[in-house]
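**Q** got a predicted structure here, sequence first:
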There are 2 protein chains.
Amino acid sequence: MNIDLSKIQSPADIKGMSIEELELLSEELRAALVKKLAAHGGHVGPNLGVVEATVALHYVFDAPTDEIVFDVSHQSYVHKMLTGRIGAFIDPARYDEVTGFTSPHESPYDLFEIGHTSTSLSLATGLAKARDLKGGKQNVVAFIGDASLGGGMALEALDYTPELHSNLIIIVNDNQMSIAENHGELYNHLAELRRTDGHATNNIFKALGYEYVYVAEGNDLRHLIKAFRAVKDTPRAVVVHINTMKGHGLPVAEAHKETFHFAGPFNPATGAPVHAGGEGYGDIFARRMLEIMNRDGNVVALTAGTPSAFGFDQARREAAGRQFVDVGIAEQDCVTMAAGLAKGGVRPVMGVVSTFLQRAYDQLSHDVAINNLPAVFVDFYTGIYGMNDITHLGLFDVAMVSNIPNIMMISATNAEEYLAMIDWAVKQTEHPVVVRTPGGAVRHSERPVDTRFDRYEVVEQGSGVAIIAEGAMLENALQAAAILKTRGAAPTVINPRILSRVDKECLDSLEGYSHVITIDDGIIDGGFGQKVAAYLAAKGTRVTCLGLATEFMDRYSVADVLKANNLTPEQIAALA
Amino acid sequence: MNIDLSKIQSPADIKGMSIEELELLSEELRAALVKKLAAHGGHVGPNLGVVEATVALHYVFDAPTDEIVFDVSHQSYVHKMLTGRIGAFIDPARYDEVTGFTSPHESPYDLFEIGHTSTSLSLATGLAKARDLKGGKQNVVAFIGDASLGGGMALEALDYTPELHSNLIIIVNDNQMSIAENHGELYNHLAELRRTDGHATNNIFKALGYEYVYVAEGNDLRHLIKAFRAVKDTPRAVVVHINTMKGHGLPVAEAHKETFHFAGPFNPATGAPVHAGGEGYGDIFARRMLEIMNRDGNVVALTAGTPSAFGFDQARREAAGRQFVDVGIAEQDCVTMAAGLAKGGVRPVMGVVSTFLQRAYDQLSHDVAINNLPAVFVDFYTGIYGMNDITHLGLFDVAMVSNIPNIMMISATNAEEYLAMIDWAVKQTEHPVVVRTPGGAVRHSERPVDTRFDRYEVVEQGSGVAIIAEGAMLENALQAAAILKTRGAAPTVINPRILSRVDKECLDSLEGYSHVITIDDGIIDGGFGQKVAAYLAAKGTRVTCLGLATEFMDRYSVADVLKANNLTPEQIAALA
């Protein structure tokens, strides 16, 4: 017996299956997933862990009438396989037809674009309240786990949800892991619940008024189906805690859970990556931080659950010892803990993925900036060369951070400048500093680094036209200048470094220039270029602001985006 | 026997007191507080409830060596009275010498500027970790309550703190209230703990690994001192749950807890306010929302714990019934619940104080804007006329919100335009909309309202010079224009309304103008004026951006700020 996966076009196609057929289906889905993931890369462990849970979910509930929200949604691959998108998982030519997250543009079974953690309960609460106001009867299901539960907004919603006194089913997918190891007592508590088969004396879900169901065998279809059937159509808020195994069914992923949380193409037998990784800014950062922390016991590196995003693999975390803090996926807590550390006389350096720093705007402003504490934040995956999923864009950090008073935001253009910025930021005690890690491949430079980072750096002195370009865009400016030189012009090229205020002295020196071009490596609105434009426009200087339009893009090609926004060297030269 | 309060210059002055003397001291502190609050206004209930707890805290712990962090810090008045600032509470001429929040500029006993909720645990965690790295032995105490505990970042920290395996004392001040009534199951759980004298079966604090101590008599010095002594120098994370009474000792404040959370000057016997309140935008908003919700059962008003900030007093909340949602002080949950409601086909309208919207930047961006859901957010206490405490400024919302793609941010200049914007925002289904409520006194206008809010409105057509001014600043622009007219000039005055993009057509119509002035009602950086400048600078038009500098100010005078930033009508006219 086997199942023809290509015939699975909607959940209706599995409703009539026997348990044995569903088990076979799960096996085949897993095998197809492993094949695609090994060839294509993606979120390996999270999806392999929830094959059975997703099959059971669609077997018991009636999506899209019943509304299922996947938290983070990087574990929605099996859901996609069962809801009309199987071709993108079994036909290598079609692998790129689906995104790695739920997307309403792709399917009515996907309710939201979701890529950040901990949002599902609030979204589900809204859906449930809307259903109740409209007199609907459908189930609303939030599928949360893989460390999302410890995020503040999930906890806020966990606190509020029972107050609806209405159907809302929360499936806590407890795979005993975060991206890296779990942090936070909630996870010890989940462990206690597992240890006691759901009967621990203190049960946080019961304390908050939830009905609670525990499923010890979270990779067993029979147990899952039984539990889901029992809670379907419940008139209240219920938590179904399922114990699953991250990476289930792929030995290398079971054994190396952090490595296989997300992976590029790999050999499924050995786990070896297909592409050798080049030098990355994460490694450069982590190596330097370890040196600094070795010398100075009062420097602490922090992360909110994503240490490997900036080079702190397990060995480096161990080397840093008590000078490394991972609070779990809890950016707010991490940023404000950094404020407390700085106040306590320790130098905190938080590594953070640009898009996730968004979770801590108020903490940056209210806790760090108002108190003007010398905490350091190093911002990764920024700009046009950053991540390109719609939920993970690195295009908005400058607009968000650089307009908060007291914060000095500086942006590097190459490895040497970057290291000098980190060294300087850790030493200074005047301000909070955000260091923007350049996007793209690591670039080296022999240009001497002037560490007065509150000043613009004139990289090439010319006349008439000036191009001021930050981060990865400096290279495009330099190439544009080279083109212009072949045409007899001699533009001045400036690396602004500081994005949070203008260098008036430098800008004043451009008096008499006929044209100034600014290039933001991100959206133009709210960026450094508009500050320059406002300053120079008061003098009547002509300024053109380049950068990206204020819009969300999904899985874009860098080349296309550069071209669409007049950012290729040729286009810049033509505009000058 | 009585205590000479003026002699209390530091906690050392109370260390030698007997319990009877401490009780007398508490009585006198409370009497002085009532006298000042009745004459001056301030946070009444929160401070009256913690007189004994604060006395006990300073009696048992040794600040400033022991580090005490007050959450929200609006309940730190008694702390200030005991730490060198008694004069500002007993001498009416000196009432304004202290701010309403902790402030390191005022005293070494105050560790942070704090005005938003739920930050104390993260700050304390940072202080504790810094202490441990440096080998210190002091106690770190977080004093949290009055609804702060349900905020996501407090919950994140509550989850992480025990992992430090070190001294950190969390005093949960359970006064059974938020600003309005409490929301969230956590508060039912606290009620269960109170009901069972701390012995409930499911204890959330114990579930998270805390040692837990319950003090039923939280306004009784003997019980408080005993409990604090028992946990002083503990080597671990401990929660001391104290049951206090908000407004304790002032009958009107005990009886009307929401009204006396914060109050202007009042008659202490009757509770009657000294100053009659004029018409406010909150009332205007709430009245209109009730009309809309009456007509349409699919419109929902939401708040994150601050309903009275925009006119939803208890009677109006009851009138709105199930169409009113208060999730408690949990802005993240509220904004993302709005996304879920919009997806579910209901029209959510969240009223929110500008400074508190900062808590939900990522939710606005990732949940609402990426999904382009028609949720409406009405932003209060904005601009120069907004709140003037350093932690509550309304100067940053435009920079924060208007640069997020898909969100349409519109700003009103008078009541009629404001109501038209709300009506329009609730009806449209194209975008998320943020409506900026004007600052200052309510202004009425007979100008007809053009509801094409994505276009700038030419209020006065002139030539040569144009002034584009948003929100409350339009009035200054009109007055400047009147001055200019007396001098023979005829400036064009424009009300931009939309702040999230420029109206190119309108700006193109300014071709040939010699000077364009923009005025943001908030900081210039990241605001609408810099967008205008960038657009016009590309054509070489001279543009001057007015508004505020990017800095934090504390308890400023509007007149001084206008003058310092060239924003008086005379100054604007002089610049034109």
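**A** Sure thing, it's come through.

**Q** pLDDT weak spots in chain A?
**A** A:1, A:178-180 (pLDDT under 70).

**Q** how is it partitioned into domains?
**A** According to automatic domain parsing, chain A comprises the domains A:5-255, A:281-436, A:457-575.

**Q** redo the ones you listed as CSV? Include distance to residue B:306.
**A** Quick note: C-beta positions are derived from backbone N, CA and C, even for glycine. Converted to CSV, these look like this (distance: least, Cβ to Cβ, whole Å):
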stretch, distance to residue B:306
domain A:5-255, 15
domain A:281-436, 15
domain A:457-575, 27
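
**Q** of those, which stretch is the most buried?
**A** domain A:281-436 (a mean of 23; mean count of other Cβ atoms under 10 Å in any protein chain shown).

**Q** ends of that one, what's the gap?
**A** Domain A:281-436 has an end-to-end distance of 11 Å (Cα to Cα, to the nearest Å).

**Q** over to stretch A:205-225?
**A** End-to-end span of stretch A:205-225 (Cα to Cα): 21 Å.

**Q** please apply the same query to stretch A:85-93.
**A** Start-to-end, stretch A:85-93 (Cα to Cα) is 13 Å.

**Q** so how far is it off the chain centroid?
**A** Relative to its parent chain, stretch A:85-93 has a centroid offset of 25 Å by Cα atoms, centre = their mean, to the nearest Å.

**Q** any chance you could list what contacts it?
**A** Residues outside stretch A:85-93 that contact it (Cβ atoms under 8 Å, 6 or more residues apart in numbering or on different chains) are A:5-6, A:8-9, A:32-33, A:36, A:39-40, A:77, A:80-81, A:94-98, A:106-107.

**Q** can you flag which of the residues you listed belong to helices?
**A** Those of these mapping onto helices are A:32-33, A:36, A:39-40, A:77, A:80-81, per DSSP state H.

**Q** need the max-distance pair from these.
**A** A:39 and A:80 (16.7 Å; Cβ to Cβ).

**Q** ends of stretch A:257-271, how far apart?
**A** Taking Cα to Cα, stretch A:257-271 runs 11 Å from one end to the other.

**Q** could you list the residues in contact with that stretch?
**A** Stretch A:257-271 is contacted from outside by A:34-35, A:37-46, A:74, A:177, A:179-181, A:246-247, A:250, A:252-253, A:255-256, A:272-275, A:308, A:314, using Cβ under 8 Å, 6+ apart.

**Q** looking at this, residue A:518 is in a strand?
**A** Yes - Residue A:518 sits within a strand when classified using DSSP: H, G, I helix; E, B strand; the rest coil.

**Q** what sits against it?
**A** For residue A:518, the contacting residues are A:467-469, A:528-529, A:532-533, A:543-547, by Cβ under 8 Å, 6+ apart.

**Q** ok, and the closest non-adjacent residue to it?
**A** Nearest residue to residue A:518, sequence neighbours excluded (Cβ to Cβ, 6 or more residues apart in numbering or on different chains): residue A:529, at 3.2 Å.

**Q** what of residue A:228?
**A** Nearest non-adjacent residue to residue A:228, counting by Cβ to Cβ, 6+ apart: residue A:60, 4.0 Å away.

**Q** over to residue A:460?
**A** Excluding its sequence neighbours, the residue lying closest to residue A:460 (Cβ to Cβ, 6+ apart) is residue A:493, at 4.1 Å.

**Q** please look at that neighbour and residue A:456 and confirm they touch.
**A** No - using Cβ atoms under 8 Å, residue A:493 is not in contact with residue A:456, being 10.7 Å away.

**Q** quick check: the gap between residue A:463 and chain B.
**A** Using Cβ to the nearest Cβ, to the nearest Å, we find residue A:463 at a distance of 18 Å from chain B.

**Q** please tell me how far the closest residue to that residue other than its chain neighbours sits from chain B.
**A** Leaving aside its chain neighbours, residue A:463 sits nearest to residue A:490 (5.9 Å; criterion: Cβ to Cβ, 6+ apart). Separation of residue A:490 from chain B (Cβ to the nearest Cβ) stands at 22 Å.
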